[in-house]
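Engineer: sequence and predicted structure below; questions after.
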Amino acid sequence: MAQRLALQRLLSLPARGPLASHSRAFGTSAGRRSTFNVQDGSDFQDRVVNSPKPVVVDFHAQWCGPCKILGPRLEKLVSKLEGKVLMAKVDIDDHTDLAIEYEVSAVPTVLAMKNGDVVDKFVGVKDEDQLEAFLKKLIGA
């Protein structure tokens, strides 16, 4: 688990060197840096609860069809906000403790968090306009 966390953090660093201009090939675009997979409870505490920026938390599962629709749609909109909001992805099968703690009873469930507090929530798939309104409300735009 520690190696996986170290690798995840390493991969989230900006590209350097002569190939840095080909950032898409290395997955270091602004969208990738603003979206991350939660590794464990302490990672969630550090990167979500203690985040100075608002965080959208996407509780999902690999077997969930609607999650596969919502996830990329939400990631795209978060990346357009250029770091004003972060997106944490939590697989409920890997992190049942977090799902229970945040009362996730169905997936996808998306929480909006500010200063460690849940300020908004929705369950199910939303279209881009609804997601945009959700994100704007979170950042106060």
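Structural biologist: Alright, I've got the coordinates. The model shown is predicted, which means the values in this text are computed figures rather than measured ones.
Engineer: got any ranges where this protein has weak pLDDT?
Structural biologist: 1-32, 141 (pLDDT under 70).
Engineer: remind me, longest helix of it?
Structural biologist: Ranked by residue count, the top helix of the chain under DSSP state H comes out as helix 65-80.
Engineer: quick one: buried residues of that one?
Structural biologist: Using 16 or more other CB atoms under 10 Å as the test for burial, helix 65-80 gives 67, 70-71, 74-75, 77-79. In this view, the C-beta of every residue, glycine as well, is placed from N, C-alpha and C.
Engineer: could I get those in CSV, plus columns for distance to residue 102?
Structural biologist: Formatted as CSV, these follow (distance: CB to CB, whole Å):
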residue, distance to residue 102
67, 16
70, 17
71, 17
74, 17
75, 20
77, 21
78, 19
79, 24
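Engineer: now do the strands in the chain.
Structural biologist: 35-37, 55-60, 86-91, 109-114, 117-123 (DSSP state E).
Engineer: okay, now the sheet partners of the shortest one, with direction.
Structural biologist: Using DSSP bridges, the strands paired with strand 35-37 are strand 86-91 (parallel).
Engineer: same check on the longest one?
Structural biologist: With DSSP bridges as the test, strand 117-123 is paired with strand 109-114 (antiparallel).
Engineer: pull the residues that contact the partner strand.
Structural biologist: Contacts of strand 109-114 with the rest of the structure, by CB atoms under 8 Å, 6 or more residues apart in numbering, involve 48-49, 51, 54-59, 70, 74, 102, 118-123, 134, 137-138.
Engineer: quick check: angle from that strand to helix 65-80?
Structural biologist: With axes from the mean of the first three to the mean of the last three CA atoms, to 10 degrees defining the directions, strand 109-114 sits at 30 degrees from helix 65-80.
Engineer: for strand 109-114, buried residues please.
Structural biologist: For strand 109-114, by 16+ other CB under 10 Å, it's 109-114.
Engineer: could you do stretch 46-57 as well?
Structural biologist: Judged by neighbour count (16+ other CB under 10 Å), stretch 46-57 contains these buried residues: 47-48, 51, 54-57.
Engineer: related to what we said a few turns ago, could you say what helices and strands the longest helix of the chain packs with?
Structural biologist: Secondary-structure packing of helix 65-80 (3 or more CB pairs under 8 Å, 6 or more residues apart in numbering; DSSP states H and E): helix 30-34, strand 35-37, strand 55-60, strand 86-91, helix 128-139.
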